[in-house]
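Enquirer: The sequence isn't on hand, but the structure is:
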């Protein structure tokens, strides 16, 4: 059984594109990254999976349950963290957290206490007194305190300082090791590369590629760095060209022989040809 499975899932807003013919599977227990810039369709996908908006066509299952017919049942197994969470401004943090637990009819006091301590969250403050980062912490506790089987996290680290980001991912790694599934939507590629085992790249509402993060990082493209040139060489198949004084860098996805033949006659002082990282692969897919 998959944690997430979509079949030709499509969502249009009138004539505007949301997501188109999405076929995506996420294994149970996986730490899965969902990569794309703003407007690519990440949040639309998540909101459709959660039943917050209805698909135009296609279908999807979460933990073997249909997202439309069994929505209420499946939501009890999900910890959802939206990219921007809103809370009642005059409520205290501890009351918001307890209210979230009560809605799920769970006693989460022990786990929420642990999470608040690890995230250094003052539960006596009112929501309106909190910074963006601390409001994000409230959202984290509300999403994680009931120990769900599936975590769906939409741009969860925006607003968190580096220390809190590290602690947050430590918590997620612990939950993943315990068998929970993590579905992490992000445009911060270093997060995906460091923590996720598999990922999908979305562009314009369509999936471009899926696979392990290692597989996505292995393409025919190479990162070429040249020293001794102020302008890029006359070559086809170059992307993401960068110049800096007497050095040139670019992604090259053509045959290596023409590249090597061209480089052999140039007045270079240094040459480096390496595998690109995931961020560069992302640019390769998008250009």
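Expert: Received the coordinates, thanks. Since this is a predicted model, take the numbers as computed values, not measurements.

Enquirer: And stretch 137-155, what's buried?
Expert: For stretch 137-155, burial by neighbour count (16 or more other C-beta atoms under 10 Å) applies to 137-146, 148-155. No exception for glycine: its C-beta is placed from N, CA and C like everyone else's.

Enquirer: Oh, that last question was meant for stretch 125-139, not what I typed.
Expert: 127, 130, 133-139.

Enquirer: swap in stretch 261-268?
Expert: 263, 268.

Enquirer: what residues does it touch?
Expert: For stretch 261-268, contacts defined as C-beta atoms under 8 Å, 6 or more residues apart in numbering pick out 226-229, 233-235, 271.

Enquirer: Go again with 10 Å.
Expert: Outside stretch 261-268, the residues that touch it by C-beta atoms under 10 Å, 6 or more residues apart in numbering are 224, 226-229, 233-235, 246-248, 271, 273.

Enquirer: For this structure, which segments count as helices?
Expert: Counting by DSSP state H, the chain has helices at residues 42-49, 71-75, 93-103, 109-118, 132-144, 162-177, 189-195, 213-216, 256-264, 278-286.

Enquirer: can you give me the offset of the longest one from its chain's centre?
Expert: If you compare the mean C-alpha spot of helix 162-177 with that of the full chain, they lie 14 Å apart, counting by C-alpha atoms, centre = their mean, to the nearest Å.

Enquirer: so what does it touch, helix or strand wise?
Expert: Where contact means 3 or more C-beta pairs under 10 Å, 6 or more residues apart in numbering; DSSP states H and E, helix 162-177 is packed against strand 31-35, helix 109-118, helix 132-144, strand 150-154, strand 181-186, helix 189-195.

Enquirer: weakest of these by average pLDDT?
Expert: For those, mean pLDDT drops lowest on helix 189-195, to a mean of 84.

Enquirer: So which bits of that one are buried?
Expert: With burial defined by 16+ other C-beta under 10 Å, the residues of helix 189-195 counted as buried are 189, 191-193, 195.

Enquirer: can you tell me which of those lies nearest to residue 61?
Expert: Of all the buried residues of helix 189-195, residue 61 sits closest to residue 192, with 23.9 Å by C-beta to C-beta.

Enquirer: isn't that closest one right next to residue 32, touching?
Expert: Yes - counting by C-beta atoms under 10 Å, residue 32 is a contact partner of residue 192 at 9.3 Å.

Enquirer: so what sits against both of those two?
Expert: Shared contacts of residue 192 and residue 32, counting by C-beta under 10 Å, 6+ apart, come down to 184-185, 198-199, 213.

Enquirer: quick one: which two of those residues are the most distant?
Expert: 185 and 213 (14.8 Å).

Enquirer: so where's this structure uncertain?
Expert: For the chain, applying pLDDT under 70 flags the ranges 217-220, 276-287.

Enquirer: longest single strand anywhere in it?
Expert: strand 2-13 (DSSP state E).

Enquirer: okay, the angle between that one and strand 150-154?
Expert: Counting by axes from the mean of the first three to the mean of the last three C-alpha atoms, to 10 degrees, strand 2-13 lies at 40 degrees to strand 150-154.

Enquirer: and strand 2-13, which residues are buried?
Expert: For strand 2-13, the neighbour count (16+ other C-beta under 10 Å) marks 2-6, 9-11 as buried.

Enquirer: how about the residues you listed in TSV, adding distance to residue 46?
Expert: Output for the buried residues of strand 2-13, formatted as TSV (distance: C-beta to C-beta, whole Å):
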residue	distance to residue 46
2	16
3	13
4	10
5	15
6	11
9	12
10	15
11	11
